[in-house]
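# What follows is a predicted structure for the sequence shown.
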Amino acid sequence: MTRRYSIGYALASKKQKSFIQDSLVNQSRERGIDLIKIDSDKLLIDQGPFDCILHKLSGENWVKQLDDYVIKNPNVLIIDSPNDIEIVHNRISMLQVVSDLKICEKKEENGDAKGATFGIPKQMVINDVDSLMNPCGMEDHGLKFPVIAKPLVADGSAKSHKMALVYNRDGLDKLKPPIVLQEFVNHGGVIFKVYVVGDYVKCVKRKSLPDISEEQLVGNSEEGTMSFSQISNMTTQNRADGKNYYEIMHIEDVVMPPDSLITDIARGLRQAMRLHLFNFDVIRDSKIGDHYLVIDINYFPGYAKMPCYEPVLTDFFCDLIQGKQNFGNEGVKKEEDGCPVTESVKEERTLVSNNGSTDAGEEH
Ligand SMILES: Nc1ncnc2c1ncn2[C@@H]1O[C@H](COP(=O)(O)OP(=O)(O)OP(=O)(O)O)[C@@H](O)[C@H]1O
Ligand SMILES: O=P(O)(O)O[C@H]1[C@H](OP(=O)(O)O)[C@@H](OP(=O)(O)O)[C@@H](O)[C@@H](O)[C@@H]1OP(=O)(O)O
Ligand SMILES: [Mg+2]
Ligand SMILES: [Mg+2]
């Protein structure tokens, strides 16, 4: 009799609706893994037992419950540790991880960068209104208008997604610190969203803020700012002339970033942050062409929008249970054509039981 494995999940209702779909539950069940909802009205310690806990909750009480559960069940896998998640709840610390990545970029004989390079936009934190009104602040950080004002805290609240494109100094006085002012970089209206699920990496294209021409910049100066939120999830945007900007720009024709660069950044972030479940947003600097900027990192994003999310996540669950998902230098899985490496799991999988013994998994 093959032992079954249980993964408990603790998610906000919106997240649970989008992520725990019947298709995912059924595919996991077929592979010997039961996805079980953790009851938020009961103590975690009184539930289970779980081989793994998936969560996207925060707060002292929840963190304490996780700690107590781990003390009583030292073999349980927590995906992911609240301490590790913290780094992406701040828009300065999240991008500092990118700046600190050591990825060997190819060089020409004369030392110039060869091929694609990456970085983060210039940015500065504004903690209070006085710093906002300091005229030298932006210049000291090499920032010039337009800039994007983002809430410093990226904690998943609706407020944390409320952004503003600031055209001039008049626009600054509408802002409410603490915020980050980030240089606006024209990038052709397309953002590259890179989903990471353990060792698996998938890059997709999404709609993004349109480029700003010099004329538009002057033309929009009277308002001072333009507010927006979660534009990459936007379905339509009709311009004044009624035409949909995104139909005109043919997003499907936009060239993807180099696969090797994306997987190197994904691997580097995974090892540095010690997170299994995140995505990061990349834009291509229109002025340079093969220079890419990471502008955002999100913990436990909307995986249901990722192609083949069910097999990818089920694969990940199996690897977790087998103890395969760690932070070593193992290769990064990329999708084969069509769905990802789930085909490669057809071979027999030995699942490791809670007490460390192994039992042969069923032929899948
Ligand atoms: N530095 C930048 N230059 C140009 N456009 C930018 C820049 N930063 C953000 N944007 C635009 O603003 C959008 C939202 O920015 P960002 O991804 O940081 O916000 P978010 O609320 O964290 O989004 P998400 O829903 O991905 O969590 C991006 O998808 C992109 O269209
Ligand atoms: O729900 P959605 O599908 O929009 O997923 C979004 C997710 O919302 P959720 O919390 O409800 O999962 C967001 O989380 P918070 O920052 O708000 O915590 C953030 O990760 C976005 O980047 C995700 O959009 P995506 O990057 O995948 O396009
Ligand atoms: Mg984003
Ligand atoms: Mg974000």
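Ah, there it is. Numbers count the residues shown, from 1 in each chain. Ligands and ions are numbered 1, 2, ... in the order given.
# Run through who's touching stretch 55-71.
Under the criterion CB atoms under 8 Å, 6 or more residues apart in numbering, residues 9-12, 15, 38, 43-45, 48, 53, 76, 78-79, 82, 85, 89, 155-156, 299-300 lie in contact with stretch 55-71. Placement of C-beta: from N, CA and C, glycine included.
# Next: stretch 97-106.
Residues from elsewhere that reach stretch 97-106 (CB under 8 Å, 6+ apart): 87, 113-115, 117-120, 264-265, 268-269, 272-273, 280, 294, 297.
# residue in the stretch 251-364 of the chain nearest to ligand 3?
As assessed by CB to the ion, ligand 3 sits closest to residue 296 within the stretch 251-364 of the chain, at 3.5 Å.
# so which strand or helix has the closest residue to that residue other than its chain neighbours?
Across the structure, with CB to CB, 6 or more residues apart in numbering as the measure, the residue nearest residue 296 apart from its sequence neighbours is residue 281 (4.1 Å). Mapping residue 281 onto the secondary structure by DSSP states H and E places it in strand 277-284.
# mind checking how far the helix or strand following that strand is from the chain centre?
Scanning the chain past strand 277-284 towards its C-terminal end, the next helix or strand to appear is strand 291-299 (assignment: DSSP H and E). Taking the mean C-alpha point of strand 291-299 and that of its whole chain, the gap between them comes to 8 Å (CA atoms, centre = their mean, to the nearest Å).
# Could you pull up the mean pLDDT of whichever helix or strand comes after strand 291-299?
The first helix or strand that comes after strand 291-299 along the chain, using DSSP H and E, is helix 309-322. Throughout helix 309-322, pLDDT has a mean value of 96.
# Let me know the angle separating helix 309-322 from strand 277-284.
Computed with axes from the mean of the first three to the mean of the last three CA atoms, to 10 degrees, the direction of helix 309-322 lies at 130 degrees from that of strand 277-284.
# Helix 309-322 - contacts with which helices or strands?
Helices and strands touching helix 309-322, by 3 or more CB pairs under 8 Å, 6 or more residues apart in numbering; DSSP states H and E, are strand 5-10, helix 22-30, strand 33-37, strand 52-55, strand 190-197, strand 200-207, strand 350-352.
# Make CSV from the ones you listed and add mean pLDDT, mean neighbour count and distance to ligand 1 to it.
Supplementary listing: the helices and strands packed on helix 309-322 in CSV, determined by pLDDT from 0 to 100; neighbours: other CB atoms under 10 Å; distance: least, CB to the nearest ligand atom, whole Å:
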stretch, mean pLDDT, mean neighbour count, distance to ligand 1
strand 5-10, 98, 20, 20
helix 22-30, 98, 15, 21
strand 33-37, 98, 17, 25
strand 52-55, 98, 23, 18
strand 190-197, 98, 22, 5
strand 200-207, 96, 20, 7
strand 350-352, 32, 16, 34
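# need the ones you listed in CSV with distance to residue 183, can you?
Formatted as CSV, the entries for the helices and strands packed on helix 309-322 read as follows, by distance: least, CB to CB, whole Å:
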stretch, distance to residue 183
strand 5-10, 38
helix 22-30, 39
strand 33-37, 42
strand 52-55, 35
strand 190-197, 16
strand 200-207, 20
strand 350-352, 48
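# Tell me which of the ones you listed lies nearest to residue 323.
For residue 323, the closest of the helices and strands packed on helix 309-322 is strand 350-352, at 5.5 Å, according to CB to CB.
# In contact with the residue in the stretch 101-250 of the chain positioned nearest to ligand 3, which residues?
Closest approach of the stretch 101-250 of the chain to ligand 3 (CB to the ion) occurs at residue 232, with a separation of 5.7 Å. Contacts for residue 232 (CB under 8 Å, 6+ apart) come out as 191, 193, 206-208, 281.
# on that earlier part again, drop anything exposed from the contacts of stretch 55-71.
Of the members of the contacts of stretch 55-71, the ones counted as buried by neighbours, 16 or more other CB atoms under 10 Å, are 9-11, 15, 38, 44, 48, 53, 76, 78-79, 82, 85, 89, 156, 299-300.
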